[in-house]
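Engineer: Make a model of this:
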Amino acid sequence: MIGPKNVVLVVVDGLRPDHLGAFGYARATSPWLDEALKSAAVAEQAVCHANWTLPSFCSLLASRYPTAHGVFRPDDRLGRRDETLAETLRGRGFRTAAFVGGTFLDPQFGLDRGFEVYRAGKNVSFKDFKDTLPLALDWMRRRRGERFFAMVHHNDLHPPFDLSETLPETVEHRFGTRSSALDAMTPDYYFVRVFNGYPWEPVWGPAPPAEYRTAVEAIRADPRELEHLVAHYDAQILAADAQLKSLWAGLGDAGLLEETLVVLTSDHGMEWGERGLIGSCFHECLWDSVVRVPLAFWCPGGVPRRLRGIVEHVDVAPTVLGLLGMPPQATHQGRDLSGALRQSRRELEPAEAFSAASALAPMDRMRLFALRSSEWKVIFDEGASRWQLFDLAADPGETSDVASRRPDILEPMRRRLLERLGKTSAVGA
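Structural biologist: Numbers count the residues shown, from 1 in each chain. As a prediction, the model looks like this:
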């Protein structure tokens, strides 16, 4: 196998794999990506480790679980002992740059470490692929002949949404939905908080006025309004698909594709009313709609296929290093899957994915944890001392808790989860 010279990590914020045609979605949200994935090694069950951006990115770049890196509050910062992939590669002679959007990738959180160039934007003026992608392509073209690591991120699929200006013709005509109530509003973080009925915190500013609450409650009560919001999300995926196509075209035009490892994933998914809630970070949740993410590797000389079995975000950094012929860091908690990517076998060694959730407020500690195998998921709500078990094969929507009916599955998974938390089996029993 010919190894890659460069690495490009593409993170499509908030992308759910079950909204892609390649994973069986009925709408044509991702025509280019669906075709491109046929030439990649695609993880069928990839799992992130947190329900919102900052802790998830810390796990992705440092190969550390949230309970290890300890970043779960909006005023936390990644510790120096947690070396990022950018730091490792820069230390080995790579040029490094990141082009990212959104509040929680601001340099203040420590994720800029190791990047020579770190172009970030906290607000809506710099958050989309249309902002980050041209800068990234220009930087990569100018690095032709050098080894580089580039991270490209966008926040297009994430609130705030402006339905009145962003792709209205795609929402209304491509996916056939209209909704005057939502089109008159901006579904932003403020909207999500009110929609979910989250206890209002003074730090967020003045409480929503009664007329705003009434308008949001009317939207929440009308299934057609939620369908419209989902249609907008799908339309944003379609727009991102076109941007991804342009990224590949740009790499090809620059003569970089054949020597570059491209990794595509998301930091988390998004709930769209499955349990009467939307978003991900304004409530503690570890459902697959939030923690299951797309993950694909396009590697020069690699074998295109679907990888069966659990792959975690902590596996990404050691796998990238493995594909570059480099050893993992001693602090990495993930697996190096480069050997599997070089071979034609589809089955991975059995593994379980660990995730932890926190909400933006109150955020005094992580209180919700999950352990997921290919067939089962156990969720431990430490605050409520409650255990839930879901049969993912029979119940992929995680609607029926079978903990009381399957102690043979629950008990060993409970022990393994508590071991990860450093707790005894008596906790929550």
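
Engineer: End to end on stretch 70-77, go ahead and measure it.
Structural biologist: The straight-line separation of the ends of stretch 70-77 (C-alpha to C-alpha, to the nearest Å) is 9 Å.

Engineer: Return the distance of the longest helix that the chain contains from the chain's centre.
Structural biologist: Assignment by DSSP state H gives helix 223-253 as the longest helix of the chain. The chain centroid and the centroid of helix 223-253 are separated by 15 Å, computed with C-alpha atoms, centre = their mean, to the nearest Å.

Engineer: Going by neighbour count, list what's buried in it.
Structural biologist: 225-241, 243-244, 247-248, 250-251 (16 or more other C-beta atoms under 10 Å). Where you see a C-beta, it was placed from the backbone N, CA and C, and this is true even at glycine.

Engineer: With stretch 41-51 instead?
Structural biologist: Quick answer for stretch 41-51 (16+ other C-beta under 10 Å): 41-51.

Engineer: Over to stretch 200-209?
Structural biologist: Buried residues in stretch 200-209, counted by 16+ other C-beta under 10 Å: P208.

Engineer: Look at that stretch and report the distance between its end residues.
Structural biologist: Span of stretch 200-209 from end to end, C-alpha to C-alpha: 12 Å.

Engineer: rewinding a little: continuing past the longest helix of the chain, what's the next helix or strand?
Structural biologist: strand 260-265 (DSSP states H and E).

Engineer: That following strand to helix 223-253, inter-axis angle?
Structural biologist: In terms of direction (axes from the mean of the first three to the mean of the last three C-alpha atoms, to 10 degrees), strand 260-265 departs from helix 223-253 by 170 degrees.

Engineer: Give me the contact list for strand 260-265.
Structural biologist: With contacts defined as C-beta atoms under 8 Å, 6 or more residues apart in numbering, strand 260-265 is touched by 4-12, 40, 46, 48, 60, 244, 248, 251, 293-300, 313, 316, 320, 323-324.

Engineer: Pull up the pairing partners for it, direction included.
Structural biologist: Using DSSP bridges, the strands paired with strand 260-265 are strand 6-12 (parallel), strand 295-298 (antiparallel).

Engineer: packing partners for the very next helix or strand once past that strand?
Structural biologist: For strand 260-265, the following helix or strand on the C-terminal side (DSSP H and E) is strand 271-272. Using 3 or more C-beta pairs under 8 Å, 6 or more residues apart in numbering; DSSP states H and E, the elements in contact with strand 271-272 are helix 223-253, strand 278-279, helix 288-291.

Engineer: Setting the sequence-adjacent residues aside, check what's closest to the most centrally placed residue in the chain.
Structural biologist: The residue lying closest to the centre of the chain (C-alpha atoms, centre = their mean) is D267, at 1.9 Å. Leaving out its chain neighbours, the residue that sits closest to D267 by C-beta to C-beta, 6 or more residues apart in numbering is S56, at 4.2 Å.

Engineer: Which strand or helix spans the one you found?
Structural biologist: If you go by DSSP H and E, S56 is part of helix 53-62.

Engineer: so what's the residue nearest to N6 when sequence neighbours are not counted scoring on pLDDT?
Structural biologist: Using C-beta to C-beta, 6+ apart and skipping the chain neighbours, the partner closest in space to N6 is T260 (4.3 Å). Listed pLDDT for T260 reads 98.
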